[in-house]
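> curious how this folds, go ahead:
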Amino acid sequence: MDKNRENISVRQAAQDLATFAIDRTDLKQLLGAIPENSSLNMTTIEYELQILKILSAGWAISFYMAVTDKNKAPLTQIFWEFIREISQNISTLTETTTGKNLDYFEIVKQRLNTYLEIMKEKPDASQNPANIMGPAFADICNHNNDAIAILTGTKMFTLTLGAVKEYLNNVNIETIKLN
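From the prediction side, this is the model:
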């Protein structure tokens, strides 16, 4: 154990990662980098970028925690419980403001399945998921082969993975003790 790393509980790590997954700071920066004369539907790009960030944070936990790490399964489970709770709040707010019933968590799950299907279709490229995520993001946004959409999706994916990796490298997650 590295004495310079902060000791935190699995629950705190999951909460930190879920909070990061919904934070819009980097999303706004990526949107700000898109040229004003772009033909992209910015509402769709913004909406899908947020979903991609949530999914990317979840994937990063899987990528960067060892299979043998006893905290991996509980951290993953608690992370998704926080995302479900946040999604419920988004759904309630949307219903209150628009009158339309929306299940945001179901939308996140559907998007996860869409990305997984795309990865299955390209098994050779799945060795480096960043090569798949940008084009998949552009397709989901109905901007197939648009270089700006591809780059934006790729950046969100890689920046999120990098941030989660850095976080995990800088904390010491206390192992849950099972009686």
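> which residues are contacting stretch 45-52?
The contact list for stretch 45-52, computed with C-beta atoms under 8 Å, 6 or more residues apart in numbering, reads 22, 24, 27, 30-31, 34, 107-108, 111, 133, 137, 140-141, 143, 149, 152-153, 156-157, 160. For glycine as for every other residue, the C-beta is placed from the backbone atoms N, C-alpha and C.
> buried ones among those?
Judged by neighbour count, with 16 or more other C-beta atoms under 10 Å as the criterion, the buried members of the contacts of stretch 45-52 are 22, 27, 30, 34, 108, 111, 133, 137, 140-141, 143, 149, 152-153, 156-157, 160.
> the residue nearest the centre of the chain sits in which helix or strand?
When the chain is reduced to its mean C-alpha position, the closest residue under C-alpha atoms, centre = their mean turns out to be Ile54, at 2.5 Å. Following DSSP states H and E, the helix or strand that holds Ile54 is helix 42-64.
> quick one: average pLDDT of that helix?
Confidence for helix 42-64, expressed as mean pLDDT, is 95.
> what are the buried residues along the next helix or strand after it?
Past helix 42-64, heading to the C-terminal end, the next element that is a helix or strand (DSSP H and E) is helix 72-98. In terms of neighbour count (16+ other C-beta under 10 Å), helix 72-98 has its buried residues at 72, 74-76, 78-80, 82-83, 86-87, 90-91.
> and which of those residues is nearest Val171?
Distance ranking of the buried residues of helix 72-98 against Val171, using C-beta to C-beta, places Leu75 first at 10.8 Å.
> and that closest one, how far from Asp16?
Look at Leu75 and Asp16: by C-beta to C-beta, to the nearest Å, they are 10 Å apart.
> quick one: low-confidence ranges for this structure?
1-3, 123, 125-127, 176-179 (pLDDT under 70).
> skip the chain neighbours and tell me the closest residue to Lys122.
For Lys122, ignoring the flanking residues on the chain, the nearest one in space by C-beta to C-beta, 6 or more residues apart in numbering is Ile132 at 5.7 Å.
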